[in-house]
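In: got a sequence here, can you build the structure:
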Amino acid sequence: IRALTTREERMIHMENPEHEVSRTVKVIFPIAVTLIAGIIAPMSVALIGSLMFGNLLRESGVTERLSKTAQNELSSLVTILLGITIGSSMGGKQFLNPTTLLIIALGLIAFVFDTAGGVLFAKLINLFRKRKINPMIGACGISAFPMSARVIQKMAQQEDGSNFIIMHAVGANVAGQIASIIAGGLILALVR
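Out: As a prediction, the model looks like this:
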């Protein structure tokens, strides 16, 4: 990111909108995303539906205990069970082989190109806008949630302590997650 941006670009402040999002929009959003993703990539419905169901629980306001449980205890429990299940079914010989290492290397290369592509695309958009966007936001389009948004916020604050772009970074990060799920669903549908 530093190699592709100047210090002035990294210091660009972005406006935080002052308007409040209505509760109706917050409830309709997860339903609409699930429906649209289901139409575009039916294979992605299970994953995107689970993600959006969590949002619907939180935003509906009528399932507070269930929402808090899903955000905390249930999330930790599912993570532990997935880790144990995957870890117990795969031995060292199966994991440390050339194919697995190649997949990890390709993932790293994809991560680098995705980050660079996002930054360069944000710079391209800035050529046509009066109000510039911070090109570092483009690096958040990857689905490494929420780490990439945190890293970008930290970088912005290192350049200028009064620069808060976390909300924009998280927005791009969530969009990247949703797009990754839909793209994965499309790939599964094509390969199947």
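
In: what helix or strand does the spatially most distant residue from the centre of the chain sit in?
Out: In the chain, counting by Cα atoms, centre = their mean, K93 sits farthest out from the average C-alpha position, at 32.0 Å. K93 is part of helix 92-95 when elements are defined by DSSP states H and E.

In: can you pull the contacts of R10?
Out: 1-2, 134-136, 155-156, 159 (Cβ atoms under 8 Å, 6 or more residues apart in numbering). To be clear about C-beta, it is placed using only N, CA and C from the backbone, and glycine gets the same treatment.

In: and if we set it to 6 Å?
Out: 136, 159 (Cβ atoms under 6 Å, 6 or more residues apart in numbering).

In: now do it against I142, distance only.
Out: Computed as Cβ to Cβ, to the nearest Å, the R10 to I142 distance reads 18 Å.

In: can you pull the buried residues of the lowest-mean-pLDDT helix or strand in the chain?
Out: Least confident helix or strand of the chain, by mean pLDDT, DSSP states H and E, is helix 92-95 with a mean of 74. Buried positions in helix 92-95, judged by neighbour count with 16 or more other Cβ atoms under 10 Å: none.

In: can you check stretch 124-132 too?
Out: 126, 132.

In: below-threshold pLDDT in the chain: ranges please.
Out: The model of the chain has no residue with pLDDT under 70.

In: chain center to the helix holding K93: distance?
Out: 29 Å (Cα atoms, centre = their mean, to the nearest Å).

In: next helix or strand past it?
Out: Using DSSP H and E, the helix or strand that follows helix 92-95 in sequence is helix 98-126.

In: please point out which parts of the helix or strand that comes right after that following helix sit buried.
Out: Counting by DSSP H and E, the next helix or strand C-terminal to helix 98-126 is helix 147-159. With burial defined by 16+ other Cβ under 10 Å, the residues of helix 147-159 counted as buried are 148-153, 155-156, 159.

In: show me what helix 147-159 packs onto, helices and strands only.
Out: helix 166-191 (3 or more Cβ pairs under 6 Å, 6 or more residues apart in numbering; DSSP states H and E).

In: about what we covered before: please export the C-alpha coordinates of the helix holding K93 as CSV.
Out: Taking Å, rounded to 0.1, in the frame of the first residue of the first chain, the C-alpha atoms of helix 92-95 are listed here in CSV:
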residue,chain,number,x,y,z
GLY,A,92,0.5,-33.7,9.2
LYS,A,93,1.2,-35.8,6.1
GLN,A,94,-2.0,-34.7,4.5
PHE,A,95,-1.5,-31.0,5.3
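
In: quick one: what helix or strand has the closest residue to I48 other than its chain neighbours in it?
Out: Leaving aside its sequence neighbours, I48 sits nearest to A37 (Cβ to Cβ, 6 or more residues apart in numbering; 4.4 Å). Using DSSP H and E, A37 sits within helix 23-40.

In: nice, that's everything, thank you.
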